[in-house]
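Peer 1: No sequence on hand, only this structure:
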């Protein structure tokens, strides 16, 4: 394999564990938008996993070559369902479209530039069975050098923790360490552990979990919809779990979308999230006033970083 993921992809497919026979069916849902050359190898990783019964690809936008490749894949592999023609409706709406189209009892949402490692699906599926509803189990998201990726497991994201974490004050000032929302620098737990927030790059929910919280909030266009989903699971009395053995390698930043546009949507998403969480008239007023600051901070970050 000479593609972008050749140095990091596992060469052996995951073996089918005995405990999953008989088992509930698994659908992988992937939302695609001008992903680039990583897409083909991400799809290959999914289809080589023996636990995957169905792959639903929601094409929000692709080059002519990639769109043709997806159509050919759906034509020749009965496990692949292609959802296209809706245009770029955003990640949240696209993921909901995919979930509604999927036939599986278990839904695994996977980014199109993420590469499943052997046993990832099996670990997610095994862990979520027999858990109270609603539940969400996130995988351990790794960089290509196998270090844990920023955002793979996070604390509770509030206006206070977001400001202190993004400014690095929570990292640099010991007294503020408890406000740090990024936990990738902490010791990796040996077993599955509850966390406030997992990464949307790879996670699993049962159909009943997803329906219990009405899926993704389609008011988000790109980014923060995973944070919102985890919060709503917890608000409903459910569990958000981080699985250290369900590994996926995530390249990130492969989309051909402008970085500034991505950061803008991230800022808009955070502002929306804070408004949703705000309690009382005063809290909502503060969240509303913070909206332009949050959006501006998100857009300015890559510009400042580029000048350094």
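Peer 2: Cool, the structure landed. In this text the structure is predicted, and so the values were computed from the model without any measurement.
Peer 1: The closest residue to residue 103 other than its chain neighbours: what's it in contact with?
Peer 2: Once flanking residues are discounted, residue 103 sits nearest to residue 54: 5.9 Å by CB to CB, 6 or more residues apart in numbering. C-beta here means a position set from N, CA and C on the backbone, and glycine is covered the same way. Taking CB atoms under 8 Å, 6 or more residues apart in numbering, we find residue 54 in contact with 25-28, 79-81, 102-104.
Peer 1: Quick check: beta-bridge partners of residue 54?
Peer 2: Residue 54 has these beta-bridge partners by DSSP bridges: residue 27.
Peer 1: All the strands of the stretch 201-308 of the chain, residue numbers only.
Peer 2: 202-206, 239-250 (DSSP state E, counting those that start in this stretch).
Peer 1: which one of those strands is the most hemmed in?
Peer 2: Greatest average neighbour count among the strands of the stretch 201-308 of the chain goes to strand 202-206 (a mean of 27), per mean count of other CB atoms under 10 Å.
Peer 1: re earlier: out of the strands of the stretch 201-308 of the chain, flag the one nearest residue 117.
Peer 2: When these are compared by CB to CB, strand 239-250 sits nearest residue 117, at 4.2 Å.
Peer 1: and that closest one with strand 202-206, angle?
Peer 2: Relative orientation of strand 239-250 versus strand 202-206 (axes from the mean of the first three to the mean of the last three CA atoms, to 10 degrees): 140 degrees.
Peer 1: So what are the sheet partners of strand 239-250 and their directions?
Peer 2: Using DSSP bridges, strand 239-250 pairs in its sheet with strand 114-116 (antiparallel), strand 135-142 (parallel), strand 193-194 (antiparallel).
Peer 1: Now the element after the shortest one, going C-ward?
Peer 2: This points to strand 193-194. Note on strand 193-194: by DSSP states H and E, the next helix or strand toward the C-terminus is strand 197-198.
Peer 1: How far off centre is that next one?
Peer 2: Centroid displacement of strand 197-198 relative to its chain, using CA atoms, centre = their mean, to the nearest Å, is 9 Å.
Peer 1: Can you tell me what sits against that strand?
Peer 2: 136-139, 152-157, 181, 226-227, 230-231, 240-242.
Peer 1: among the strands of the stretch 201-308 of the chain, which is nearest residue 148?
Peer 2: In terms of CB to CB, the element of the strands of the stretch 201-308 of the chain nearest to residue 148 is strand 239-250, at 9.2 Å.
Peer 1: Give me the distance between the nearest residue to residue 42 once chain neighbours are set aside and residue 240.
Peer 2: Excluding the flanking residues, the one nearest residue 42 by CB to CB, 6+ apart is residue 112, at 5.3 Å. When distance is defined by CB to CB, to the nearest Å, residue 112 is 23 Å away from residue 240.
Peer 1: The residue nearest to residue 42 touches residue 39, doesn't it?
Peer 2: Yes. Applying CB atoms under 8 Å, one finds residue 112 in contact with residue 39, separated by 5.1 Å.
Peer 1: shared neighbours, those two?
Peer 2: Shared contacts of residue 112 and residue 39 (CB under 8 Å, 6+ apart): residue 32.
Peer 1: how about the helices of this structure, start to end?
Peer 2: Remark: helices assigned in the chain by DSSP state H are 38-47, 64-76, 91-101, 120-128, 159-166, 169-172, 207-212, 225-235, 259-277, 280-307.
Peer 1: between the ones you listed, which gets nearest to residue 188?
Peer 2: That would be helix 120-128 among these, by CB to CB, at 14.1 Å.
Peer 1: Report all helices and strands that that closest one contacts.
Peer 2: If you count contacts as 3 or more CB pairs under 8 Å, 6 or more residues apart in numbering; DSSP states H and E, helix 120-128 packs onto strand 26-33, strand 106-110, strand 135-142, strand 202-206, strand 239-250.
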